[in-house]
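Undergrad: need a 3D model of the following:
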Amino acid sequence: MAKESLQHKLDRVRSPRVHITYDVEIGDAIEMKEIPFVVGVLGDFSGKPDEPLPKLKDRKLIEIDRDNFNNVLEGMKPRLAYKADNKLTDEDTKMAVELRFKSIDDFHPERVAEQITPVRKLVEARQKLSDLLSKLDGNDKLDELLQDVIASTDSLQKLGEETGVELSGDEKGKEE
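TA: Here you go, the predicted structure:
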């Protein structure tokens, strides 16, 4: 029995999206032949790898489909490393950013934010504030207690010392 080609195996598994055919004249009869549609993409998709990539001639073609995409991505070990303007502070500085991707989900904004420490801390603080707001909703006693703490300079300084947060000059001036 002859070995079945990959193209015909894929026809059985899932039908191709692109059909390319051409007509062949054999004697007086016209026969339709189908040409397999195969695409090869050549590129450097690993970004700034930790280890140097093998020479181009030593690399092998990798078949990628929706079922093995994450495995191929993890094997490629894509990495980005660069210096970005630090927009989180008023200072004109740069911050080092290193991103690694192991699955397609790592490209979601929240997963990217998890890999950048200052941004991750801001997201965590935002989540805590959101949790506090949901606890304040309908809880008049907690709302009143927080208003008293904010209004009282001594309570605010004590809370700052306990949490390790230093009040800026603007906040100190507002209190006095």
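
Undergrad: now the residue positioned nearest the centre of the chain. Nearest residue, chain neighbours left out?
TA: Geometric centre of the chain, nearest residue: F107, 2.1 Å, by CA atoms, centre = their mean. Of all residues not flanking F107 in the chain, F101 sits nearest, at 6.5 Å (CB to CB, 6 or more residues apart in numbering). C-beta coordinates here come from the backbone N, C-alpha and C atoms, glycine included.

Undergrad: what about V123, neighbour count?
TA: 15 (other CB atoms under 10 Å).

Undergrad: if you could redo that for F101, that was the one I meant.
TA: Around F101 there are 22 other residues, counting by other CB under 10 Å.

Undergrad: relative to A84, how far out is it?
TA: 17 Å (CB to CB, to the nearest Å).

Undergrad: ranges for the helices of the chain?
TA: 6-13, 69-76, 109-115, 117-136, 140-151, 153-163, 169-175 (DSSP state H).

Undergrad: those helices: which one's closest to K33?
TA: Closest approach to K33 among those (CB to CB): helix 6-13, 12.3 Å.

Undergrad: state the mean pLDDT of that closest one.
TA: Averaging pLDDT along helix 6-13 gives 64.

Undergrad: per-residue pLDDT, the residue nearest to the centre of the chain?
TA: 95.

Undergrad: repeat for E63
TA: So E63 comes in at 88 (pLDDT).

Undergrad: about what we covered before: turn the helices of the chain into JSON lines, including distance to P49.
TA: Formatted as JSON lines, the helices of the chain follow (distance: least, CB to CB, whole Å):
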{"stretch": "helix 6-13", "distance to P49": "30"}
{"stretch": "helix 69-76", "distance to P49": "8"}
{"stretch": "helix 109-115", "distance to P49": "17"}
{"stretch": "helix 117-136", "distance to P49": "22"}
{"stretch": "helix 140-151", "distance to P49": "50"}
{"stretch": "helix 153-163", "distance to P49": "41"}
{"stretch": "helix 169-175", "distance to P49": "46"}
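
Undergrad: closest to I62 out of those helices?
TA: helix 69-76 (5.8 Å).

Undergrad: return the set of buried residues in the closest one.
TA: When burial is assessed from 16 or more other CB atoms under 10 Å, helix 69-76 yields the following buried residues: 73, 76.

Undergrad: repeat that for stretch 136-145.
TA: The neighbour-count criterion (16+ other CB under 10 Å) identifies no buried residues in stretch 136-145.

Undergrad: separation between Y22 and Q115?
TA: For Y22, the distance to Q115 - CB to CB - is 49 Å.
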